[in-house]
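> Quick one: sequence and predicted model below, then my questions.
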Amino acid sequence: MLEKLLVTIGLVVLLGGCTAAHTNRGEVKGMAGSGREMGQSDTNRIATIAMQHNLDSLYLLMDKLYRRNPAEWKKTAVSREDAILRVRKAIEQRAPWPGLQEQRDIRAMSLALTPDFAGDRVAAFIYASADMIIAAHDGKTEFFLVDSLDAQHIYNAARNMEIAVWMLGTRRNTTGQPLLLADDMGSGVRNLSFEREFGKIVGRLDLLATFMTEKYRRAGINYVQNLIGGGFIQFLPVR
């Protein structure tokens, strides 16, 4: 009886230790604040944060794609880090990417995903994807009270990303190889990290598009709530 009790206690302690070891998976972190927020509504702030996270996801995907396809960065740069820096700079300065024949937005995406594209396909694809998303947000990456976003354009951007991911997974180049090596589902291996990161981008775009469609209705509801609530929020006598 005592042996069974000791075994049970041991298992509880062991399981408790395992649980404790796996409960700490980081913590939520907000973006750094600045005085520019004074010119932003809640909607502006959400759109700005979503945009920054989507660009960060594309930069992460660029690094992962370069690691799986090192021949691509060697076409345009002396190192993977240099290639990433050049693409980021072009995206954030809204400068055209040399390998895309001055094409932007969805035209650039189409060109980057053609089987006979001979340039740095990773750079072209990431740049074009970012340019398309920014174009859907009226060409901006930060939003203020004077800005207005079109929910349908943002929704369309989400669908464009889904189409691009499908093309990466199904199209072949002129030698019969995948356009770019990404997710690996070979024998004994199942790495879907690319699909998950692309999924995050699509999810953010869809959520923002849905939120934008409710903006004006929520403004009316908030106005009525304030009117109703105003009758109950009164100062109390102190003497």
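Sure, I can see it.

> so what's the closest residue to Met62 other than its chain neighbours up against?
Excluding its sequence neighbours, the residue lying closest to Met62 (CB to CB, 6 or more residues apart in numbering) is Ile126, at 4.4 Å. (Glycine included, C-beta is placed from N, CA and C.) For Ile126, the set of contacting residues under the criterion of CB atoms under 8 Å, 6 or more residues apart in numbering consists of 58-59, 61-62, 65, 87, 91.

> Starting from the helix ranked longest in the chain, tell me the next helix or strand along the chain.
Determined from DSSP state H, the single longest helix within the chain is helix 42-68. Downstream of helix 42-68, the first helix or strand assigned by DSSP states H and E is helix 70-73.

> Met109: what's it in contact with?
In this structure, Met109 makes contact with 125, 128-129, 132, 160, 164, judged by CB under 8 Å, 6+ apart.

> surely Val157 meets Met132?
Just to correct that, residue 157 is Ala rather than Val. Yes - under the criterion of CB atoms under 8 Å, Ala157 is in contact with Met132, at a separation of 6.1 Å.

> which of these two has more neighbours?
For Ala157 against Met132, the residue with the higher neighbour count under other CB atoms under 10 Å is Ala157, and the figures read 26 against 20.

> my guess is the more buried one is in a helix, correct?
Yes - following the definition DSSP: H, G, I helix; E, B strand; the rest coil, Ala157 is counted among the residues of a helix.

> pLDDT weak spots in this structure?
Along the chain, the model assigns pLDDT under 70 to residues 1-25, 28, 30-33, 35, 183-191, 215-239.
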